[in-house]
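A.B. asks: Have a look at this prediction, sequence included:
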Amino acid sequence: MTLAWTLQPFATLSVPELYALLQLRSAVFVVEQTCAFQDIDGHDADALHLLGRTETGELAAYARLFPAGRSYPEASIGRVAVAPAFRRHGLGRQLMGEALARCAAQWGPQPIQIGAQLYLRDFYRSFGFEQVGEGYLEDDIPHIYMLRT
């Protein structure tokens, strides 16, 4: 399955696009992971939003990208999510590949830091990320900081 990708600042998102990305994030990070947390955290306005849509226009994958100095000293990628209905098609790999390429296109080659769920460590390692520092709990879910230099 191949997706059509767009990268948009918050101000250019249409109401249906914003609704779809918030719905996807809620389905994955709140409902699926049974984690009550403040997803709408006040940082969306500062992010670039990467949306991967199917040929019918349905949002299947999403991530938000930040320049260096916004979330971490390095550029960062967060809220990485693939809709449950579209899993097992390699879209997580497509999404991360696209996010990394878009970061490089926007801000040039530079380190990227993420806060990753611990169980995804090997997935992110396959993209060149390495764990930095100790693990931590975020909303009772084990996480680690990872850096791609």
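C.D. replies: Perfect, thanks for sending it.

A.B. asks: Distance check, residue 69 against residue 136.
C.D. replies: Remark: distance between residue 69 and residue 136 (Cβ to Cβ, to the nearest Å) = 21 Å. In this view, the C-beta of every residue, glycine as well, is placed from N, C-alpha and C.

A.B. asks: quick one, helices of the protein?
C.D. replies: 15-25, 91-107, 121-125 (DSSP state H).

A.B. asks: looking at these, which is buried most?
C.D. replies: Greatest average neighbour count among the helices of the chain goes to helix 91-107 (a mean of 17), per mean count of other Cβ atoms under 10 Å.

A.B. asks: Can you spell out which helices and strands pack onto that helix?
C.D. replies: Contacting helix 91-107 under the criterion 3 or more Cβ pairs under 8 Å, 6 or more residues apart in numbering; DSSP states H and E are the following elements: strand 4-9, strand 48-53, strand 59-66, strand 75-82, helix 121-125.

A.B. asks: pull the helix or strand with minimum mean pLDDT from the protein.
C.D. replies: Every helix and strand of the chain was ranked by mean pLDDT, DSSP states H and E. The lowest is strand 130-138, at a mean of 93.

A.B. asks: Dump that one to PDB, keeping only the CA atoms.
C.D. replies: The C-alpha trace of strand 130-138 is given here as PDB (Å, rounded to 0.1, in the frame of the first residue of the first chain):
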ATOM      1  CA  GLU A 130      20.200   5.100  19.400                       C
ATOM      2  CA  GLN A 131      19.100   5.200  23.000                       C
ATOM      3  CA  VAL A 132      20.400   8.100  25.000                       C
ATOM      4  CA  GLY A 133      20.100   8.200  28.800                       C
ATOM      5  CA  GLU A 134      17.900   6.200  31.100                       C
ATOM      6  CA  GLY A 135      14.300   5.200  30.500                       C
ATOM      7  CA  TYR A 136      11.400   7.100  31.900                       C
ATOM      8  CA  LEU A 137       7.600   6.600  32.500                       C
ATOM      9  CA  GLU A 138       5.300   8.900  30.500                       C
END
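
A.B. asks: I figured residue 116 was touching residue 124, is that so?
C.D. replies: Yes: when contacts are counted by Cβ atoms under 8 Å, residue 116 is listed as touching residue 124 (5.2 Å).
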